[in-house]
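>>> give me coordinates for this.
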Amino acid sequence: MSNQTSAVVACTAATAVLLVVLSAPLNPRGFVAGDPGLKLMAARNALAHPRQPLRVDLPVLDGQPVPYVDRFFRRHDSHAHILQAPLFPLVSAPFIAAAGLRGAYVLPLAGFLALLPLTYVICRRTVPQTPVPAWAVSAGLASPLVFYAFEFWEHVPAAACLAAGTALALGRTARPAALLAAGSLVGVAILLRPEGFWYALALGGVLAWRRSWSAYAAGAGAILAVYAGANYLESASVLGPIPAPWHL
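A predicted model of the protein is given here:
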C-alpha cells in the first residue's frame, strides 16, 4: 500500500469516527423540518404495507376517503402517493425498522463516508498530481455535503452514486460492464435528485467523446425504465402518479 493510499485510508477512518461522534446528539424522536418527516412517513408506510409500499391509505370520513389531502400528497383513486422521490424512503426503511429514527441517518452518513475514497479515485484519474492534503480539505472539510450528511435527505446518497459512477466510467480500461454499472449508478442518482440528470448528460458527453457511451446509456436507461414500469403498472402510464424528484 502506497503512502498516499495509507493517508486516504487514515483520513476516511478518522472521518468515520468523527461522524459517529457528531451524529450521537441528533434527536432520536423527531425532526425540526417538514421534509424529513414526510420521508419518514413514506418509509413507515412501506414497512406497514410491503406489498404496496408506495400507496398511502387516505383518511376516512363517514366511511369514505377524504376528497382533499395536504399539498404534499397526490390523491390517486382510493389512495395517495407522497410527493417525495420514492426510492430514498424505500431503501431507508430497513434501517429505520432496525434502529428507529437513528436508522434514518445511516444512508446520509454512509454516503458521505463513501464520497471520500471515491473523490480521491476521481482525482487520481483526472488530476494525478493532486496532493492528499488538498483532497482531504476539499472533500472532507470544505464540502457543503457535510451539512447534508446529518439530515434525513437524499442529497448525499445521490452525490455518492454520481461519484461512484464517475469513478467507474473514468477508469483506464472502460469495459462495458464497468460502464453499464456506471450508468446504473447515475440512473439511481437521477431518481434520488433531479440535478443528477444534468450531471448524467455531462458525463455521457465525456464518454461519447471517448466513444464508449452506449453501455453507460443502457445502464442509466434500465434504471429509469424500472421507474417508468412501476408507473405503468400503477396507472397504465409511464409518467403516472408515482412522484419522481422532478415533480417536487
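>>> tell me the contacts of P133?
With contacts defined as C-beta atoms under 8 Å, 6 or more residues apart in numbering, P133 has no neighbours. Heads up, the C-betas are built off the backbone N, CA and C, glycines and all.
>>> hmm, 10 Å instead?
The contact partners of P133, taken as C-beta atoms under 10 Å, 6 or more residues apart in numbering, are A7, C11.
>>> correct me, but C123 touches S138?
Yes - counting by C-beta atoms under 10 Å, C123 does reach S138; the two are 8.9 Å apart.
>>> who has more neighbours out of the two?
Per other C-beta atoms under 10 Å, whichever of C123 and S138 has more neighbours is C123, with 19 against 13.
>>> so which bits of the helix or strand hosting the more buried one are buried?
Using DSSP states H and E, the element containing C123 is helix 106-126. Buried positions in helix 106-126, judged by neighbour count with 16 or more other C-beta atoms under 10 Å: 106-124.
>>> any weak-confidence spans in this protein?
1, 236-248 (pLDDT under 70).
>>> just the helices in it please.
Using DSSP state H, the helices of the chain run over 3-23, 34-48, 87-99, 106-126, 132-136, 145-148, 155-169, 176-192, 196-209, 214-235.
>>> so of these, which one's packed in deepest?
helix 155-169 (a mean of 25; mean count of other C-beta atoms under 10 Å).
>>> wait, T119 touches V137, no?
No - using C-beta under 10 Å as the test, T119 is too far from V137 to be in contact (11.6 Å).
>>> hmm, T130 is touching V137, no?
No - if you go by C-beta under 10 Å, T130 and V137 don't touch, sitting 11.3 Å apart.
>>> these two: who's more crowded?
Applying other C-beta under 10 Å to T130 and V137 shows that T130 carries more neighbours, namely 16 against 12.
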